[in-house]
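Engineer: return a 3D structure for these sequence lines:
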Amino acid sequence: MCEEFVVAMQGEFEMSMMGELTYFLGLQVKQLKHGTFLSQSKYCFDLLKKFKMEDCKEAAIPIATKCLMDVDEAGKQVDSTKYRGLIGPCYI
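Structural biologist: Numbers count the residues shown, from 1 in each chain. Just a heads-up that it's a prediction; the model follows:
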């Protein structure tokens, strides 16, 4: 049954069988006797590296909770493409 599945998948997608699955669609895969575990630590590290934030300080809450935000007329222009890349896609 497994080999039939492999043939069906290879017929539909460009793929090859290269041994145990360790990385798939941005997820790290760890297969152990008592279960399979998924992690996004590499994805997170790569994202921090992309935006030069490897040395940033951790926070329990990612934004200040008691701050008033208003228009910064004198502020510099923001690169919206970079911002969208940082926060990822938004789905409503």
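Engineer: from now on I want contacts and neighbour counts done on CA atoms only, so please keep to that.
Structural biologist: Will do.
Engineer: which strand or helix spans the residue nearest the centre of the chain?
Structural biologist: Among the residues of the chain, Tyr43 comes closest to the average C-alpha position under Cα atoms, centre = their mean, at 4.4 Å. Element membership for Tyr43, per DSSP states H and E: helix 41-50.
Engineer: any idea how far that helix is from the middle of the chain?
Structural biologist: With Cα atoms, centre = their mean, to the nearest Å as the basis, helix 41-50 stands 7 Å off its chain's centre.
Engineer: same for that helix, what does it pack against?
Structural biologist: strand 27-32 (3 or more Cα pairs under 8 Å, 6 or more residues apart in numbering; DSSP states H and E).
Engineer: for the strand it packs on, which residues meet the burial criterion?
Structural biologist: Applying a neighbour-count criterion of 16 or more other Cα atoms under 10 Å, one finds 28-29 buried in strand 27-32.
Engineer: packing partners for that strand?
Structural biologist: Under the contact rule (3+ Cα pairs under 8 Å, 6+ apart), strand 27-32 is packed against strand 35-39, helix 41-50.
Engineer: got the angle between the first one and strand 27-32?
Structural biologist: Looking back up the chat, that one is strand 35-39. 160 degrees (axes from the mean of the first three to the mean of the last three Cα atoms, to 10 degrees).
Engineer: do the same with the longest one
Structural biologist: Put simply, helix 41-50 runs at 150 degrees to strand 27-32, going by the same axes, to 10 degrees.
Engineer: next SSE after helix 41-50?
Structural biologist: From helix 41-50, the next helix or strand downstream (DSSP H and E) is helix 80-87.
Engineer: run the angle between that following helix and helix 41-50 for me.
Structural biologist: Using the same axes, to 10 degrees: helix 80-87 against helix 41-50 is 150 degrees.
Engineer: so what touches helix 80-87?
Structural biologist: 47, 51 (Cα atoms under 8 Å, 6 or more residues apart in numbering).
Engineer: kindly report the same for stretch 15-27.
Structural biologist: So stretch 15-27 is contacted by 9-10, 28-30, 38-40, 42-43 (Cα under 8 Å, 6+ apart).
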